[in-house]
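Undergrad: turn this into a model:
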Amino acid sequence: MPVWTPYPALDAVLRRLLDGVRTALDECLLGAYLQGSFAVGDADEHSDVDFIVATTAALSPDQVDGLQSFHAALFDAGPEWARHLEGSYIPCEILRHPGRAGEPVWYLDHGSRSLQPDSHCNTVVVRWILREHGVVLTGPHPRDLIDPIGVADLRAEIIRDIGDWGGEILDRPDRYRNRFYQSFIVLNLARMLHDLGTGTVGSKRTGAEWAKTALGSRWAGLIDRAWAGRPDPARAVREPADESDFALTLDLVREVMARAGRADR
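TA: Residues are numbered from 1 along each chain as shown. As a prediction, the model looks like this:
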């Protein structure tokens, strides 16, 4: 029996995922992979389970209906790890070319029981993780499916994402004024800054430790508190953020945007 993660209960959910995907897609299934923390490292019991399914072609309406029914049933069956699945179904002709990042594909959001068209996983960063560190659940090695990705292309997407997301946070801060998003913003900005600085994609933990050194002592406590705030996101999203930490988080957004802007010159 294959072992993909340190958690037997999660491996059992992944086997159910594969069985359901095989039934829904049949010969359209090309490969299935883990990316995110379970690929780059430092995953724990609080991590999302990020997956990518590569398909031989765009999904038909019947195939989408089959996947919708399967994911709803898996979510409702109650295994806790099933509620932490997040991933996309990407046709191989889109997955191969980093230049096709941003096109919508069928996507399962974390905590969702249904698919929707979205470009969330269809990024250069996700391709880099898959190609360099992807965990094969079934199918060929991801390097056989994805063209090489240049550091310049990786950094360009990170700079663009920092600008777009940072601008959205600063324009609509009240949308993010809860404990979950406050920690989420800090840890993801730290990781993005690490990735921009190193030209590689690291884990949230790696990014947090790297950013504490790169950013200086003013931000170390904020980053440590964000890491400690990861457990129980369903509860955290309903609780208000600490006002002083949230104000400091907005300052961090401005600082990271400024550093990304300098890197783009």
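Undergrad: how about residues contacting stretch 87-101?
TA: 30, 49-59, 67, 103, 105-108, 115, 118-124, 127, 145-147, 149, 153, 157 (C-beta atoms under 8 Å, 6 or more residues apart in numbering). Where C-beta positions appear, they are placed from N, C-alpha and C, glycine not excepted.
Undergrad: buried members of those into ChimeraX, please.
TA: In ChimeraX syntax, the buried subset of the contacts of stretch 87-101 is picked out as below (16 or more other C-beta atoms under 10 Å):
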select :30,49,50,51,52,53,54,55,59,67,105,106,107,108,115,120,121,122,123,124,127,145,146,149,153,157
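Undergrad: among the contacts of stretch 87-101, which are located in helices?
TA: Mapping the contacts of stretch 87-101 onto helices (DSSP state H) picks out L67, V124, R127, D153, E157.
Undergrad: residue boundaries of the strands in the stretch 101-250 of the chain?
TA: Here the stretch 101-250 of the chain has its strands, by DSSP state E, counting those that start in this stretch, at 105-108, 115-118, 135-138.
Undergrad: can you say which of the ones you listed is nearest to P79?
TA: When these are compared by C-beta to C-beta, strand 105-108 sits nearest P79, at 15.0 Å.
Undergrad: what's that closest one packed up against?
TA: helix 61-77, strand 85-91, strand 115-118 (3 or more C-beta pairs under 8 Å, 6 or more residues apart in numbering; DSSP states H and E).
Undergrad: what pLDDT, on average, does the last one get?
TA: Averaging pLDDT along strand 115-118 yields 99.
Undergrad: and L85, what does it touch?
TA: V13, L17, D48, V49, F51, H71, L74, L108, H110.
Undergrad: and which of these is nearest to I223?
TA: D48 (19.3 Å).
Undergrad: quick one on the thing from earlier: pick the most buried one from the helices and strands packed on strand 105-108.
TA: strand 85-91 (a mean of 24; mean count of other C-beta atoms under 10 Å).
Undergrad: after that one, which helix or strand is next?
TA: helix 92-95 (DSSP states H and E).
Undergrad: buried set for that next one?
TA: I94, L95.
Undergrad: just the CA coordinates of it, formatted as CSV?
TA: Output of helix 92-95 as CSV, limited to C-alpha atoms (Å, rounded to 0.1, in the frame of the first residue of the first chain):
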residue,chain,number,x,y,z
CYS,A,92,-2.3,18.5,-20.1
GLU,A,93,-2.1,21.0,-23.0
ILE,A,94,-2.6,23.8,-20.4
LEU,A,95,-0.4,22.3,-17.7
